[in-house]
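In: next one to model:
(chains A and B)
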Number of protein chains: 2
Amino acid sequence: MRPWRTVGIVGGGQLARMLAEAASPLGLTTIVLAEQAADAATSVAGEVLLGSPQRLEDLRALAARCDVVTFDHEQVDLEAIRTLEAEGFAIAPSSTTLEAACSKVTLRQRCGAAGLPSPRHLVVAMGTTSDEVRIALTQFCAEVGTSLIVKPARGGYDGRGVHQIEDIAEAAALVETLSATDDVLCEEVVAMSAELAVIVVRRHDGTATCYPPVVTTQVEGMCREVLVPGAVDADLAARARALALEVASLLEVVGVLAVELFVVGDALVLCEVAARPHNSGHWSIEGATCSQFENHLRAVCGLPLGDPSPTASAIAMVNVVGPSDGSDPLDHLEAALAVPGAHVHLYGKAPRPGRKMGHVTVCGQDPEAVSALAWRCATALGTEVPSELRR
Amino acid sequence: MRPWRTVGIVGGGQLARMLAEAASPLGLTTIVLAEQAADAATSVAGEVLLGSPQRLEDLRALAARCDVVTFDHEQVDLEAIRTLEAEGFAIAPSSTTLEAACSKVTLRQRCGAAGLPSPRHLVVAMGTTSDEVRIALTQFCAEVGTSLIVKPARGGYDGRGVHQIEDIAEAAALVETLSATDDVLCEEVVAMSAELAVIVVRRHDGTATCYPPVVTTQVEGMCREVLVPGAVDADLAARARALALEVASLLEVVGVLAVELFVVGDALVLCEVAARPHNSGHWSIEGATCSQFENHLRAVCGLPLGDPSPTASAIAMVNVVGPSDGSDPLDHLEAALAVPGAHVHLYGKAPRPGRKMGHVTVCGQDPEAVSALAWRCATALGTEVPSELRR
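Out: Presented below is the predicted three-dimensional model:
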């Protein structure tokens, strides 16, 4: 077989942009299916097709020009992907993986069936009647308490679409509304002490490796800081790796799978997954021998996987978030680059308060020092430190 | 002043490609003036203008769209650059620097006047008569011996255009031919024990820093291997840095200046310079905190310089050279990526035997181990090991 050289990417966001940045040194060509000509990835992709990730003809036009198609996000039409697979196009990850990555309900069902540790949950199928919702919720709350997470099966990222509710009646009203258009997942609120993320990369033949578990700090559902290795003891880290690899194998992943885990007491509980490069792995661009972006490309192209080992003993990644005055982080590049050792990544997105605009990474010896420098750089770019993280 | 965001690059070769790769994470936009749509940098640049680096209108069209214009190579029309400077366009490096980088004669004259150590040399001005050439050469050879390097002032790279001659009559004939169209530089052959290169990066305000001196191995004038730090003792390294910084200051460089030095006994002698990122600095992409490409962009945009410190104790860079069977290194990517820790850079150029097609870098602890891995990866990509380097 001719080696694969051309990678199609559905979606033109920052993940596509960083995939294209990683593809260029390898001599691989990227073609991005973007919704807008100004999307983050369009300035660096080898070629840009304008179209919708939901439209079969647009996806087929992309697939027809590429050796393999992969994804910047999960907001794709699964039926269209299945059609393309049936037509013989190479898609990685496959529709089987995407189904679980797109639907929180499918993920819980598959992982639950495999005996993997998940929060206790209740699935309310789309179209369930009011009475049925109330009965099911009352029963569920008798078991787990009245603190609930309610989220529709599909859509939502960076915490959007996820609701924490403390009252059965309120929960029932929300579930009724949401279940009009989608299946709904209700989950117990687990008493977690930390959130970990593990980036797995897996090939078609089952070969897989993973990056070290990292501690992520989320504020209002958006990742704000990632520390590598973070305060994770060796035993917990080993169990987190094993669990993440098991999930990747179960979901038949090809490419990167980000597995988010809650630490609950001494145990690990599955939170969510993303079948694509993930914010919790951005540190790997400078902090690992082979980044999650290069490894995703290697995996989807059937190339050997690269070494995920960290190259420094302490690494901090902090997201650059659009400041409330609406100013553009790019206007503050001079101040940011004055921070010693800071690696700045800006995504070329139009500034908007609260929008993820980029990230910065600092590698070094001392965890506190790299974190302080990364925050200094991110704040120089306009990022406001959330009160939860002020130290 | 509005911060500079758009960098024009004259020339679409691999240096422009790697500049564009470094610009994207910073959120800077690149526009490349390329001669061919298939040039190495066109797939990754933000925008591509097709045109000639020798044509004023094409250069002006580029400059008019950019905050600052910089260069992939020196084959530019200096008069055109001076015209653009007079019109108020920002050009970095300036025509003053470019003149010395373009003309080996100007370089020798400026460095000689400043008392910097250079090989003994004879300048034969364009249009000198046969008799005058013979007299001057005879005098010069009486001083330095009959082993001579003869090269026209302009043009030539990777050793092209450089002739080593052992006979006065032959030298005279060659000088006569070359001096019909250009000034000609005749130099003594120095008894060098090694070649070093120092990458300096300098801002408009004179702030400058440099990467550690590296040992380069050239075969038939083309760089084949770079070892960092290589066998350079601390005193020699300090003197090499000081000399390189002095040259950069003398030439009023803005951006990267690569300074190639001969080690002759215990002394350092200036060989050549290039006022742009250079093959001897490619290791810095993975091997230094801030690469030569990012630092060149920082310097030409007036941004703070990044840290040039190496991040590993031993780094090897080996060039990927098109094999004699004409095959494409890209077809061998699978074998190359199986080499542990290898960073592969392919430039997207059409394969041709002997053509520089890419490079690979390996970072680690042990100089012999990283060199062996880098060569294993380069040979997996089809590179033939020159007999001079077989160990």
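In: spell out which residues of the stretch 151-300 of chain A are next to chain B.
Out: With C-beta under 8 Å from any C-beta of the partner chain as the criterion, the stretch 151-300 of chain A meets chain B at residues A:285, A:289, A:298. C-beta here means a position set from N, CA and C on the backbone, and glycine is covered the same way.
In: what separates the second one from B:Ala312, distance-wise?
Out: So the one you mean is A:Thr289. 10 Å (C-beta to C-beta, to the nearest Å).
In: what do those two both touch?
Out: Jointly contacting A:Thr289 and B:Ala312 under the rule C-beta atoms under 8 Å, 6 or more residues apart in numbering or on different chains are A:311, B:363.
In: mind checking the SS state of the residue lying closest to A:Ala64 once chain neighbours are set aside?
Out: Using C-beta to C-beta, 6 or more residues apart in numbering or on different chains and skipping residues adjacent in sequence, the residue nearest A:Ala64 is A:Phe89, 7.8 Å away. Secondary structure of A:Phe89, reduced to three states by DSSP: H, G, I helix; E, B strand; the rest coil: coil.
In: ok, now which ones touch A:Phe89?
Out: A:60, A:63-64, A:69.
In: then A:Ala338?
Out: Contacts of A:Ala338 (C-beta under 8 Å, 6+ apart): A:380, B:304.
In: show the model's pLDDT score for it.
Out: You'll see A:Ala338 listed with a pLDDT of 98.
In: what about A:Thr289 and B:Ala312, which has more around it?
Out: Neighbour totals were compared for A:Thr289 and B:Ala312, and A:Thr289 leads with 21 against 18 (other C-beta atoms under 10 Å in any protein chain shown).
In: the closest residue to that one other than its chain neighbours: neighbouring residues, count only.
Out: Using C-beta to C-beta, 6+ apart and skipping residues adjacent in sequence, the residue nearest A:Thr289 is A:Asp307, 4.0 Å away. A:Asp307 has 14 neighbouring residues, counting by other C-beta under 10 Å.
In: contact partners for A:Asp67?
Out: A:Asp67 touches A:4-7, A:90, A:301, counting by C-beta under 8 Å, 6+ apart.
In: from those residues, which two are the most distant?
Out: Taking C-beta to C-beta as the measure, these span a maximum distance of 12.6 Å, between A:Arg5 and A:Ala90.
In: what ranges do the strands span in the stretch 201-350 of chain A?
Out: Counting by DSSP state E, counting those that start in this stretch, the stretch 201-350 of chain A has strands at residues A:208-210, A:214-219, A:222-228, A:255-264, A:267-274, A:314-321, A:343-346.
In: tell me the angle of the second one relative to strand A:255-264?
Out: Between strand A:214-219 and strand A:255-264, the angle comes out at 70 degrees (axes from the mean of the first three to the mean of the last three C-alpha atoms, to 10 degrees).
In: elements contacting strand A:214-219?
Out: strand A:194-202, strand A:222-228 (3 or more C-beta pairs under 8 Å, 6 or more residues apart in numbering or on different chains; DSSP states H and E).
In: among the ones you listed, which gets the worst mean confidence?
Out: When I compare the helices and strands packed on strand A:214-219, strand A:222-228 is least confident, with a mean of 91.
In: buried stuff in that one?
Out: Residues A:222-228 are the ones in strand A:222-228 that count as buried (16 or more other C-beta atoms under 10 Å in any protein chain shown).
In: for the residues you listed, give me a markdown table that also has distance to B:Ser249.
Out: Output for the buried residues of strand A:222-228, formatted as a markdown table (distance: C-beta to C-beta, whole Å):
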| residue | distance to B:Ser249 |
| --- | --- |
| A:Met222 | 47 |
| A:Cys223 | 45 |
| A:Arg224 | 43 |
| A:Glu225 | 41 |
| A:Val226 | 41 |
| A:Leu227 | 41 |
| A:Val228 | 40 |
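In: please name the residues that touch A:Val175.
Out: A:124, A:133, A:137, A:150, A:184, A:186.
In: that older thread, from the contacts of A:Phe89, pick the one nearest chain B.
Out: A:Val69 (18.5 Å; C-beta to the nearest C-beta).
In: any idea how far chain B is from the spatially closest residue to that closest one that is not a sequence neighbour?
Out: Counting by C-beta to C-beta, 6+ apart, A:Val69 lies nearest to A:Gly8, which is 4.1 Å off, once chain neighbours are set aside. Distance, A:Gly8 to chain B, using C-beta to the nearest C-beta, to the nearest Å: 15 Å.
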